[in-house]
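Undergrad: can you look at this prediction? I've put the sequence above it.
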Amino acid sequence: MFAPDVKLAERDAKFGTMSLSRWIECSFAHLRDKLGEPNMTPDARNKVTTGWIVKFGTDVFTVYSFKETDEYLGEGEGPTLDEFRNQDTATWCIGGKRETNPADFIKYLGAPETR
């Protein structure tokens with residue numbers, strides 16, 4: 001498999017990437033090994049607490065947790081952020097612009113799609 005140009009992108013690059021949703025299952029550690037440290041900050045309502053904005057070749061994708069921790073669900077209603085990041089597996093959303101196809105990016109991540 002060819003090694004694509006993969007790097008973290010600027011925050012402004014993510015705008016418009018929420019229109020494409022795919023889901024994968026893997027651990028936070030697996031994604032951190034593939035993508036580096038997360039570069040998305042939690043949103044104001046804590047729906048997204050961990051995420052990456054990634055430039056993959058010429059396309060931009062987001063990989064993020066969505067409503068997964070007690071920061072959104074409420075204290076005691078879900079894992080803390082640290083617990084979430086230490087789970088063996090978690091569900092992650094993949095966002096991209098409408099004209100992009102995430103198949104090669106998901107293959108690069110090496111995690112199975114769930115939906």
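TA: Nice, thanks for sending it over.

Undergrad: okay, CA-based contacts and neighbour counts for the rest of this
TA: Will do.

Undergrad: and the residue nearest to D70 when sequence neighbours are not counted, how many residues sit next to it?
TA: Nearest residue to D70, sequence neighbours excluded (Cα to Cα, 6 or more residues apart in numbering): G78, at 4.6 Å. Applying other Cα atoms under 10 Å, we find 16 other residues in the vicinity of G78.

Undergrad: cool, and E99?
TA: Count around E99 with other Cα under 10 Å applied: 9.

Undergrad: re the thing from before, mind checking the SS state of the residue nearest to D70?
TA: Counting by DSSP: H, G, I helix; E, B strand; the rest coil, the backbone at G78 sits in coil.

Undergrad: wait, it touches E68, no?
TA: Yes - with contact defined as Cα atoms under 8 Å, G78 reaches E68; the gap is 6.9 Å.

Undergrad: on that earlier part again, next, the contact list for the residue nearest to D70, please.
TA: Contacts for G78 (Cα atoms under 8 Å, 6 or more residues apart in numbering) come out as 68-70.

Undergrad: the most far-flung residue of the chain relative to its centre: what's it in contact with?
TA: In the chain, the greatest distance from the average C-alpha position (Cα atoms, centre = their mean) is reached by G76, at 23.6 Å. By Cα under 8 Å, 6+ apart, G76 lies in contact with D70.

Undergrad: before we move on, the earlier item: rebuild the contacts of G78 as TSV, extending it with pLDDT.
TA: Below are the contacts of G78 laid out as TSV (pLDDT from 0 to 100):
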residue	pLDDT
E68	91
T69	91
D70	91
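
Undergrad: of the residues you listed - the most surrounded one?
TA: Counting neighbours by other Cα under 10 Å, the top entry in the contacts of G78 is T69, with 25 neighbours.

Undergrad: quick revisit: confidence score at the residue farthest from the centre of the chain?
TA: Looking at G76, its pLDDT stands at 91.

Undergrad: check F105 too.
TA: On the pLDDT scale, F105 gets 93.

Undergrad: what sits closest to Q87 if chain neighbours are left out?
TA: Excluding its sequence neighbours, the residue lying closest to Q87 (Cα to Cα, 6+ apart) is S27, at 6.4 Å.

Undergrad: that's all I had, so thanks and see you.
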